[in-house]
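Asks: Okay, here's the prediction I keep looking at, along with the sequence it came from:
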Amino acid sequence: EPEVTQTPSHQVTQMGQEVILRCVPISNHLYFYWYRQILGQKVEFLVSFYNNEISEKSEIFDDQFSVERPDGSNFTLKIRSTKLEDSAMYFCASSASEPGQYFGPGTRLTVT
Amino acid sequence: GDSVTQMEGPVTLSEEAFLTINCTYTATGYPSLFWYVQYPGEGLQLLLKATKADDKGSNKGFEATYRKETTSFHLEKGSVQVSDSAVYFCALSDEVGAGSYQLTFGKGTKLSVIP
């Protein structure tokens, strides 16, 4: 069964450093998403991406964040200058045209 | 804005007990409704979904019915197993662009099933 994959599974970085989280969505899906889950809190929407552009973004997704689909398979989330409060589990998801998103296993980002 | 409220956990049940996890929502549009499950150390898995009123989503013995009149989507299972121990998230999705849907999640309910 096809699945969304994410790398790395755990990333530790120092405050102020740039990080890139990588995702490979399900191959025939057209819509891509990033969510995050701070420990013990809700899963929160960050951004949706379709046809090589952002469809929607939340207020969390400020200028420090960017997304890119650099080739036909990868979908990346970049945080330009990490802060302590960016520490969270980041989930990538993808979907076909109908509702219902399929999530990757997540990347745990720890900012020290 | 849209929101999802689900019963606070943790919920502890004995094996073969009946499970209900309540979920209600508020939405401006006509959302689709979902239950996701997160097993320990893993990501979110889509458990079941319903896209219109009175639809029943079902999977692995779990089921939930989209009740528009009560804005609810309660998750039920007749006989839980130890392997059902996980965190369960209720969610709704609204279309934010053509074919692009944003999920809004509840806080999650942790279920522990003891032998």
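Replies: Here it is on my side, so go on.
Asks: Run through the bridge partners of the residue nearest to residue A:99 when sequence neighbours are not counted.
Replies: Leaving aside its chain neighbours, residue A:99 sits nearest to residue B:32 (3.9 Å; criterion: CB to CB, 6 or more residues apart in numbering or on different chains). Just so you know, the C-beta spots here come from the backbone N, C-alpha and C atoms, and that holds for glycine as well. Applying DSSP bridges to residue B:32 gives these bridge partners: residue B:93.
Asks: Residue B:32 and residue A:101 touch, don't they?
Replies: No. Between residue B:32 and residue A:101 there is no contact under CB atoms under 8 Å: 10.6 Å.
Asks: Check the gap between the residue most central in space within chain B and residue A:97 for me.
Replies: The centroid of chain B falls nearest to residue B:35 when counting by CA atoms, centre = their mean (2.9 Å). Counting by CB to CB, to the nearest Å, the gap from residue B:35 to residue A:97 is 21 Å.
Asks: One more: residue B:87?
Replies: Separation of residue B:87 from residue A:97 (CB to CB) stands at 29 Å.
Asks: do the same with residue B:100
Replies: For residue B:100 relative to residue A:97 (CB to CB), the value is 9 Å.
Asks: Neighbours of the closest residue to residue A:86 other than its chain neighbours, how many?
Replies: Take residue A:86 and drop its neighbours on the chain: the residue closest to it by CB to CB, 6+ apart is residue A:111, 5.3 Å away. Using other CB atoms under 10 Å in any protein chain shown, residue A:111 has 19 other residues around it.
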